[in-house]
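Q: Below are the sequence and a predicted model; questions follow.
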Amino acid sequence: GESVGLHLPTLSVQEGDNSIINCAYSNSASDYFIWYKQESGKGPQFIIDIRSNMDKRQGQRVTVLLNKTVKHLSLQIAATQPGDSAVYFCAENKVDDYKLSFGAGTTVTVRA
Amino acid sequence: ETGVTQSPTHLIKTRGQQVTLRCSSQSGHNTVSWYQQALGQGPQFIFQYYREEENGRGNFPPRFSGLQFPNYSSELNVNALELDDSALYLCASSLGPGGQDTQYFGPGTRLTVL
């Protein structure tokens, strides 16, 4: 079964606010985590990744936090914009595994 | 844009037919992975190709097969199509095999089986 899941299937955010998308994973052997954004009719777009030897990683307007103690991953988007409306997936991989395992996704809708 | 391209964009087939989907990897990438994404779900790993060999396989039956060519492009073949094969088929390319290199996805091929 799936080893990666998201806490909430949908998230509605006011434009300009910060968004937090959460993800729980169950496989303690996972050591690489990725966030993807998928807009309607498109393939998943890489946002940011983090390895298990890190707790936090920042990109442009995005921050990923990893809490290995409780097996929790989150994506924070600063100053959410209408273009951030999409489905967000977390994915995980463990060493010597070929595949990325994806959760079901969180649909983010940005309100004007 | 990732530089990963897929063709065709859309495809309609009937049950029992065979289909071939194509993927061109990003420049410099030698590994291609294929995923199936059913409506409303996350992508599911089908298999990965590296140096023209299948490098790993998910929980898909043998009627799902693939090829990788010397230029690293790849094909996904599905025989004896079933209604449940209707999905978005995604390919992703990466610098190397396994899952520890970032996988960049193409736009996908939407397959409908009637």
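A: In hand now; what should we look at? Numbers count the residues shown, from 1 in each chain, chains lettered A, B, ... in the order given.
Q: which intervals of chain B have sub-threshold pLDDT?
A: For chain B, the stretches flagged by pLDDT under 70 are B:1.
Q: For the spatially most central residue of it, grab phi and psi.
A: Among the residues of chain B, the one closest to the centroid is residue B:34, at 3.1 Å (Cα atoms, centre = their mean). Here is the backbone geometry of residue B:34 (degrees, to the nearest 10): phi -120, psi 140.
Q: ok, now which ones touch residue B:46?
A: Contacts of residue B:46 were listed using Cβ atoms under 8 Å, 6 or more residues apart in numbering or on different chains, and they are B:33, B:34, B:35, B:36, B:57, B:58, B:60, B:64, B:66, B:76. All C-beta atoms are positioned from the backbone trio N, CA, C, and that covers glycine.
Q: Okay, and the beta partners of the second one?
A: Residues in a beta bridge with residue B:34, per DSSP bridges, are residue B:47, residue B:91.
Q: Pretty sure residue B:88 is one of the things it touches, is it not?
A: No: between residue B:34 and residue B:88 there is no contact under Cβ atoms under 8 Å: 11.5 Å.
Q: Quick one: name the residues of chain B near chain A.
A: Residues of chain B lying near chain A by Cβ under 8 Å from any Cβ of the partner chain: B:2, B:4, B:6, B:33, B:40-45, B:48, B:55-58, B:90, B:97-100, B:102-108.
Q: Out of the contacts of residue B:46, which comes closest to chain A?
A: Of all the contacts of residue B:46, residue B:58 has the smallest distance to chain A: 5.9 Å, by Cβ to the nearest Cβ.
Q: just checking, the closest one touches residue B:43?
A: No: here residue B:58 does not reach residue B:43: they are 10.3 Å apart, not a contact under Cβ under 8 Å.
Q: More neighbours: which of those two?
A: residue B:43 (30 against 17; other Cβ atoms under 10 Å in any protein chain shown).
Q: Which parts of chain A are strands?
A: Assignment of strands within chain A using DSSP state E yields the ranges A:4-6, A:10-14, A:19-25, A:32-38, A:45-51, A:56-58, A:62-67, A:72-77, A:86-93, A:101-102, A:106-111.
Q: Can you pull the residues of chain A lying near chain B?
A: A:2, A:4, A:32, A:34, A:36, A:41-46, A:49, A:89, A:91, A:93-105.
Q: 10 Å - rerun?
A: A:2, A:4-6, A:9, A:30-32, A:34, A:36, A:38, A:41-46, A:49, A:51, A:87, A:89-105, A:107 (Cβ under 10 Å from any Cβ of the partner chain).
Q: coming back round to it: thought residue B:21 was touching the residue nearest to the centre of chain B, still the case?
A: Yes: Residue B:34 is in contact with residue B:21 according to Cβ atoms under 10 Å; the separation is 8.2 Å.
Q: so what sits against both of these two?
A: B:66, B:74, B:75, B:76, B:89, B:90, B:91 (Cβ atoms under 10 Å, 6 or more residues apart in numbering or on different chains).
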